[in-house]
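dropping the sequence and predicted coords here.
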Amino acid sequence: MPDTNALFQLGIDLNRDSSSTQAEVLEFPVHPAHEVKASPVTSSDERKDFFIERDGDRFAGTHLIIDLIGASRLDDLAHIEAALRRCVEVSKATLLHIHLHHFTPNGGVSGVAVLSESHISIHSWPEADYAALDVFMCGEAEPHNAIEVLREAFSPSDIRVDEHRRGRGMV
């Protein structure tokens, strides 16, 4: 049963009821004023690919891999949720849903803000003052704007950012 052992190493015990694990899961619904309204799909909508053209390059979206080193407040769910919302706002993206999971006993947080333009994810290690984030957005969104929000929200001593243009050369 190598699959079972691998899942157990990830903290998933298939022989235990998942409701018995010590974790706090918080769902943050989108306020009705920010909700995306469904509209009928037309043939012109079906052809939109939301690919980006920049510097003579055509790609699906910008994916930022962000490391926050020497950061604070990485165990504060409400603060993390507010920071993710602010990242979405300044990036001119559309929030669909936020889901955060609070781990015990170290207080780390793992979660995602699901966007129409893709996502922002976070995983934090407060005991090491470290957080790993992915910011991936397509279309007209401006993911680089999230970097300053993260700097202000978590006061890291260092921020490391790697950029990857997803889907490069596809079209």
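Noted; the coordinates are in hand.

show me where this structure has strands.
If DSSP state E is used as the criterion, the strands of the chain fall at 23-28, 52-54, 57-59, 61-69, 95-103, 109-115, 118-125, 130-138, 158-166.

what's the single longest helix in the chain?
For the chain, the helix with the greatest residue count under DSSP state H is helix 77-90.

any chance of the strands of the chain in JSON lines, plus mean neighbour count, distance to R85 and mean pLDDT?
From N, CA and C alone the C-beta is placed, and that goes for glycine too. Compiled in JSON lines, the strands of the chain are given as follows (neighbours: other CB atoms under 10 Å; distance: least, CB to CB, whole Å; pLDDT from 0 to 100):
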{"stretch": "strand 23-28", "mean neighbour count": "12", "distance to R85": "8", "mean pLDDT": "51"}
{"stretch": "strand 52-54", "mean neighbour count": "12", "distance to R85": "24", "mean pLDDT": "80"}
{"stretch": "strand 57-59", "mean neighbour count": "15", "distance to R85": "27", "mean pLDDT": "83"}
{"stretch": "strand 61-69", "mean neighbour count": "18", "distance to R85": "17", "mean pLDDT": "96"}
{"stretch": "strand 95-103", "mean neighbour count": "18", "distance to R85": "7", "mean pLDDT": "97"}
{"stretch": "strand 109-115", "mean neighbour count": "21", "distance to R85": "7", "mean pLDDT": "98"}
{"stretch": "strand 118-125", "mean neighbour count": "21", "distance to R85": "10", "mean pLDDT": "98"}
{"stretch": "strand 130-138", "mean neighbour count": "22", "distance to R85": "14", "mean pLDDT": "97"}
{"stretch": "strand 158-166", "mean neighbour count": "13", "distance to R85": "19", "mean pLDDT": "95"}
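
how about those strands in JSON lines, adding distance to I147?
Putting the strands of the chain into JSON lines (distance: least, CB to CB, whole Å) gives the following:
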{"stretch": "strand 23-28", "distance to I147": "22"}
{"stretch": "strand 52-54", "distance to I147": "17"}
{"stretch": "strand 57-59", "distance to I147": "19"}
{"stretch": "strand 61-69", "distance to I147": "7"}
{"stretch": "strand 95-103", "distance to I147": "18"}
{"stretch": "strand 109-115", "distance to I147": "15"}
{"stretch": "strand 118-125", "distance to I147": "12"}
{"stretch": "strand 130-138", "distance to I147": "8"}
{"stretch": "strand 158-166", "distance to I147": "6"}
